[in-house]
Each structure stands twice: as C-alpha cells, then as structure tokens.
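Peer 1: Sequence isn't available, so here's the structure alone:
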C-alpha cells in the first residue's frame with residue numbers, strides 16, 4: 001500500500017506541476033523529495049487517509065521543488081549562455 005501511495009503522490013504532483021523543461025537530475029530530485037515526504041506523512045497519518053497524505057505531501061514539496069526547479073532553470077540557462085560566448089572558444 002505504501003508503494004501505491006508513493007506512486008500516487010508523485011503522479012499527482014507531476015500532473016499539477018509538470019517538470020518537462022527541467023533537467024533529468026532536477027526531476028529525480030523532485031521525485032526523491034516526494035517519496036521521502038510521502039514516507040514521513042505515512043508514518044504520521046497512516047495509510048488510511050490517503051487524501052490527507054496527498055495534501056500534506058503537496059504542501060511540503062511545493063516550495064522546495066519550486067526552488068530546486070528554479071535553480072536548475074537558472075543554472076542550465078547560465079551554462080548555455082557561457083558555452084556560446086566568444087570567450088569560451
């Protein structure tokens with residue numbers, strides 16, 4: 001049941017906040033964060049109240065994932081600018 005809840009939380013999070021523009025490593029970090037927060041929520045609330053677990057996980061992951069994805073976007077944007085500058089040649 002816990003694996004089902006982890007997958008459900010991850011799929012719901014990704015449906016609400018797509019990460020297609022993020023790098024693979026950023027997507028993996030977000031998935032890992034969702035899984036760890038789901039484990040914490042299951043320990044606190046049990047597996048019976050899956051809607052509460054979903055809300056708790058979403059509320060805990062959203063600000064951290066936003067920061068991580070924004071940092072990733074800035075880093076990948078910065079690295080693409082650096083490789084195209086004439087100083088890199």
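Peer 2: Done, it's in. Keep in mind that this is a model prediction, so the values were computed, not measured.

Peer 1: make it CA atoms for all contacts and neighbour counts henceforth
Peer 2: Fine.

Peer 1: who are the neighbours in contact with residue 56?
Peer 2: Counting by Cα atoms under 8 Å, 6 or more residues apart in numbering, residue 56 makes contact with residue 41.

Peer 1: Quick check: closest non-adjacent residue to the residue nearest in space to the middle of the chain.
Peer 2: Residue closest to the average C-alpha location in the chain (Cα atoms, centre = their mean): residue 30, at 2.3 Å. Distances taken as Cα to Cα, 6 or more residues apart in numbering place residue 65 nearest to residue 30, at 5.9 Å, with adjacent residues excluded.

Peer 1: Hmm, that neighbour is touching residue 28, no?
Peer 2: No: checked against Cα atoms under 8 Å, the pair residue 65 and residue 28 is beyond contact range at 10.8 Å.

Peer 1: Compare neighbour counts for these two and give me the winner.
Peer 2: Using other Cα atoms under 10 Å, the more surrounded residue of residue 65 and residue 28 is residue 65, with 21 against 12.

Peer 1: so where is the protein shaky, pLDDT-wise?
Peer 2: Applying pLDDT under 70 to the chain flags residues 78-89.

Peer 1: Please repeat the previous calculation with a cut-off of 50.
Peer 2: Counting by pLDDT under 50, the ranges of the chain that qualify are 80-89.

Peer 1: can you give me the offset of the longest helix along it from its chain's centre?
Peer 2: For the chain, the helix with the greatest residue count under DSSP state H is helix 50-84. Centroid separation for helix 50-84 versus its chain: 6 Å, with Cα atoms, centre = their mean, to the nearest Å.

Peer 1: List the buried residues of that helix.
Peer 2: Under the neighbour-count criterion of 16 or more other Cα atoms under 10 Å, helix 50-84 has 50, 53-54, 56-58, 60-62, 65, 68-69, 72-73 buried.
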